[in-house]
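Student: Need the 3D shape of this:
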Amino acid sequence: MKCYNHHDRDAFGICTVCGKGLCLECMNDKNSVITCNDKKCINRIKRIKLWRTFLYIVLVALLLFLIFD
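Tutor: You can find the predicted model right below:
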């Protein structure tokens, strides 16, 4: 597979949001998830992580409420 942006380079990763093949220069792994440098993909991963954190907090609060009630 070739890089989506650089057609002469081999892809070393795939964006988890849009599925584009990415070379090392085009990969963005700052959020511990491989994404392309497209703002939409980066923002989607951030929103997923935010919702996951929120749901974990709600789950822990619910468990604590049930245990100590």
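
Student: Stretch 17-26: end-to-end distance?
Tutor: 14 Å (CA to CA, to the nearest Å).

Student: Run through who's touching that stretch.
Tutor: 1-6, 9-15, 34-38, 40-41, 44-45 (CB atoms under 8 Å, 6 or more residues apart in numbering). In this view, the C-beta of every residue, glycine as well, is placed from N, C-alpha and C.

Student: And residue 48, how far from residue 16?
Tutor: Distance of residue 48 to residue 16, computed by CB to CB, to the nearest Å: 10 Å.

Student: Show me the helices in the chain, by range?
Tutor: Along the chain, the stretches classed as helices by DSSP state H are 39-68.

Student: for it, which spans come out with low pLDDT?
Tutor: 31 (pLDDT under 70).

Student: quick one, what contacts the residue most central in space within it?
Tutor: The C-alpha lying nearest the average C-alpha coordinate of the chain belongs to residue 45 (CA atoms, centre = their mean; 3.7 Å). Residues in contact with residue 45 (CB under 8 Å, 6+ apart) are 16-17, 31, 33, 35.

Student: Mind doing that once more with 10 Å?
Tutor: Taking CB atoms under 10 Å, 6 or more residues apart in numbering, we find residue 45 in contact with 15-17, 28, 30-35.

Student: Filter these down to the buried ones and express that as a ChimeraX selection.
Tutor: Buried residues within the contacts of residue 45, by 16 or more other CB atoms under 10 Å, are selected in ChimeraX with:
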select :15,17,28,33,34,35
